[in-house]
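A.B. asks: Here is a sequence with its predicted model. Questions after.
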Amino acid sequence: MTPKHITVVPASTKAGREAIRALLKSGTNAKIRGIYRDTAKAPADFSSDVNFEAVKGDVATGAGLDFSSSDAVFYIPPATYDGQDQGEWARQSSGNVKTALEKAPSVQRLLILSALGSQNDRDIGVLRINHIADELLKHSVPDVIIVRPSFFFEDWAPLIETAKEDPPYITSWVAPADHHIPMVSVKDVGETCADKLLHGSGGKPSPYYYKHFGPRLYSTKDIQKAVEGASEKKVEVRLVEKKDLGEFFGQYLPEVYVPEFVEMTLSGLPGGITTKDFDYDENTARGKVDFEDIVKEWLQG
């Protein structure tokens, strides 16, 4: 049965936003509740839709996590950057979601946005947030679906923005330059998640796990080629070697979280624990959006 009411939390996330957009365009007239710490973050085109409701809520405290009247819930476990241990944070936030689900017997389907490699309990760095959430919630409702996407194309935007500078260059942590990794557009992920929320897993046993990749695997050389094609310029690649990852992430993150982001990155490089999952199998959704399409939007839009 198609759900009549779906809750997305936190709705301000990239995947949450794209899933809501796809749900509102689905033609099902399902009512969508987006939970935000700040409801002002709800996009205007969502708020103007009669089938959408933005409500205030917080996974950190559990306040406002009202799933009553919902048939399905989409949970996107967030990271924290306030100094708290990521493992403690994951148990706290996902525990609050579990409590809210227990108070809402109407919820029959839960979709969790996880991550490639989250089945591992070690050597995945910050992705342990996803491992903990998956384990804590995998039996919380009758129908649990866990999607494990690869790296998002959209996370490359700041590393490619420098192609507009003089001289143009990009930075890449995918080393060596011919090492291929799976990547995917958050738009594709959002559309697939909307479909799973509406239609389920096709009768597969719960919990059902599936991976989500783009049309193909990508290397730094592929990224460079895409940027050069979109910018119509020769672009230098500044490769971040393994030994320099700590310094690289230290530019963007509080020091306490740098080691976990280094470990997560290493998990996808040669010899890393998640590389064994870099295959398209019967439980892999293949996206339609290619990296080149995204780069053109960034550099030419």
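C.D. replies: Structure received.
A.B. asks: residue boundaries of the strands in the stretch 201-301 of the chain?
C.D. replies: 208-213, 217-218, 236-239, 284-286 (DSSP state E, counting those that start in this stretch).
A.B. asks: so which of the ones you listed comes closest to Ser68?
C.D. replies: strand 208-213 (25.0 Å; Cβ to Cβ). (C-beta placed from N, C-alpha, C; glycine too.)
A.B. asks: how far out from the middle of the chain is the closest one?
C.D. replies: Mean-position distance between strand 208-213 and its chain equals 12 Å (Cα atoms, centre = their mean, to the nearest Å).
A.B. asks: Mind listing residues that contact that strand?
C.D. replies: 114, 116, 119, 144-150, 182-184, 188-189, 192, 201, 277, 280-281, 283-287 (Cβ atoms under 8 Å, 6 or more residues apart in numbering).
A.B. asks: Show me which of these are buried.
C.D. replies: Neighbour-count burial (16 or more other Cβ atoms under 10 Å) is assigned, among the contacts of strand 208-213, to 114, 116, 119, 144-150, 182-184, 188-189, 192, 201, 277, 285, 287.
A.B. asks: other SSEs contacting the strand or helix carrying Ala133?
C.D. replies: Using DSSP states H and E, Ala133 sits in helix 128-137. Helix 128-137 sits against helix 86-102, strand 109-113, with contacts defined as 3 or more Cβ pairs under 8 Å, 6 or more residues apart in numbering; DSSP states H and E.
A.B. asks: now those as a markdown table including mean neighbour count and distance to Arg128?
C.D. replies: Below are the helices and strands packed on helix 128-137 laid out as a markdown table (neighbours: other Cβ atoms under 10 Å; distance: least, Cβ to Cβ, whole Å):
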| stretch | mean neighbour count | distance to Arg128 |
| --- | --- | --- |
| helix 86-102 | 19 | 6 |
| strand 109-113 | 25 | 14 |
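A.B. asks: In JSON lines: these, plus distance to Gly125.
C.D. replies: Listed next are those as JSON lines, based on distance: least, Cβ to Cβ, whole Å:
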{"stretch": "helix 86-102", "distance to Gly125": "9"}
{"stretch": "strand 109-113", "distance to Gly125": "17"}
